[in-house]
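Take a look and give me a structure for this.
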Amino acid sequence: MVLSAVSVIDIERSVLETLEKLGIVYVRHEHPPVATVEEAERHWAGLKGAHCKNLFLRNNKGNRHYLVIAPVTRGIDLKRLTALLSEDRLSFASPERLKRVLGLEPGSVSPFGLIHDAGREVRVVLDRSLKDSAYLGFHPNVNTATLEISLADFERFLASRENPVRWLEL
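Numbers count the residues shown, from 1 in each chain. Here you go, the predicted model:
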């Protein structure tokens, strides 16, 4: 699905307004659209902090959803993660499910999609190594920019959403 320029602006604006209401300071870095970590790496020069990847997963029955956040350098073993979470099986959620639950398009997965999770059904799983980073970088629900925010402000954002959060050694 191709988004119009107006809808991209509106999508990002909702994230920025949420952060501003929470008093969260961010630095916005604009770049060409990127759909993968490999594409994004070309535009990260000068950004401080941990660059994060975000995986939107579902369990086998489709009744639990997980947003897994880790440094881009961290490999995620889904079988190990399945065991850590005491699930039967984890797999990537479909684009339709991503849109329905987090209001996001593939290539724009971000923890800021939690602003659309009114039922607080998404469980957030963070790699413990992110606690070593003073700053983290995420898309503002569109893949044409990256926001840098402090770890403390990111944790405040997560607390404001009230989704279950777990820090694990991934």
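
Name the SS class of V125, please.
Secondary structure assignment for V125 (DSSP: H, G, I helix; E, B strand; the rest coil): strand.

On the pLDDT front, check it for me.
Note for V125: predicted pLDDT of 98.

next one: L19
Note on L19: pLDDT of 98.

from memory it sits against F157, does it?
Yes: at 6.9 Å, L19 counts as touching F157 under the criterion of C-beta atoms under 8 Å. (C-beta placed from N, C-alpha, C; glycine too.)

Touching both of these two, which residues are there?
Common neighbours of L19 and F157, counting by C-beta atoms under 8 Å, 6 or more residues apart in numbering, are I149.

quick one: contacts for V122?
The neighbourhood of V122, defined by C-beta under 8 Å, 6+ apart, consists of H65, Y66, L67, V101, L102, L114, N163.

can you tell me how far K79 sits from L19?
Distance, K79 to L19, using C-beta to C-beta, to the nearest Å: 35 Å.

So for those two, which residue has more residues nearby?
Between K79 and L19, L19 has the larger neighbour count (other C-beta atoms under 10 Å), namely 21 against 9.

on that earlier part again, just the closest of the contacts of V122 to S7, please.
L102 (15.7 Å; C-beta to C-beta).

Enumerate every residue touching the closest one.
L102 sits next to F56, L67, V109, G113, L114, H116, D117, V122 when contact means C-beta under 8 Å, 6+ apart.

Centroid-nearest residue for the chain?
Nearest to the mean C-alpha position of the chain, by C-alpha atoms, centre = their mean, lies S110 at 2.5 Å.

And stretch 133-147, what's buried?
Within stretch 133-147, the residues that qualify as buried are 133, 135-147, counting by 16 or more other C-beta atoms under 10 Å.
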